[in-house]
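how would this look folded up:
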Amino acid sequence: MYGWIWRHLPGNAWLKALISLVLGLAVVYVLFQYVFPWAEPLLPFNDVTVDNQ
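The predicted structure follows:
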């Protein structure tokens, strides 16, 4: 998959590396801004029960 992306990016190796970095940062941004907040209520991380004994 990464090889396919690398072959289809324009420019030389330095430009491809820069574009890859920007694309990676864009993916991280979208995940933190949209995907993770949407999925948080669906995950059971806050369902903590402790018995009082």
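
Can you pull out the low-pLDDT segments for the chain?
For the chain, applying pLDDT under 70 flags the ranges 47, 52-53.

Helices of that one, start to end?
For the chain, the helices defined by DSSP state H occupy 2-8, 13-30, 36-39.

Looking at those, which is nearest to Thr49?
helix 36-39 (22.0 Å; CB to CB). From N, CA and C alone the C-beta is placed, and that goes for glycine too.

can you pull the contacts of the residue nearest to Gly11 when sequence neighbours are not counted?
Nearest residue to Gly11 in three dimensions, chain neighbours excluded: Ile19, at 7.2 Å (CB to CB, 6 or more residues apart in numbering). Applying CB atoms under 8 Å, 6 or more residues apart in numbering, we find Ile19 in contact with 9-11.

Going by distance to Val50, which of the residues you listed wins?
Using CB to CB, Leu9 is the member of these that lies nearest Val50, at 51.3 Å.

Give me the distance between the residue nearest to that closest one when sequence neighbours are not counted and Phe32.
Ranked by CB to CB, 6+ apart and with sequence neighbours excluded, the top spatial neighbour of Leu9 is Lys16, at 4.4 Å. In this view, Lys16 and Phe32 are 25 Å apart by CB to CB, to the nearest Å.

Much appreciated, bye for now.
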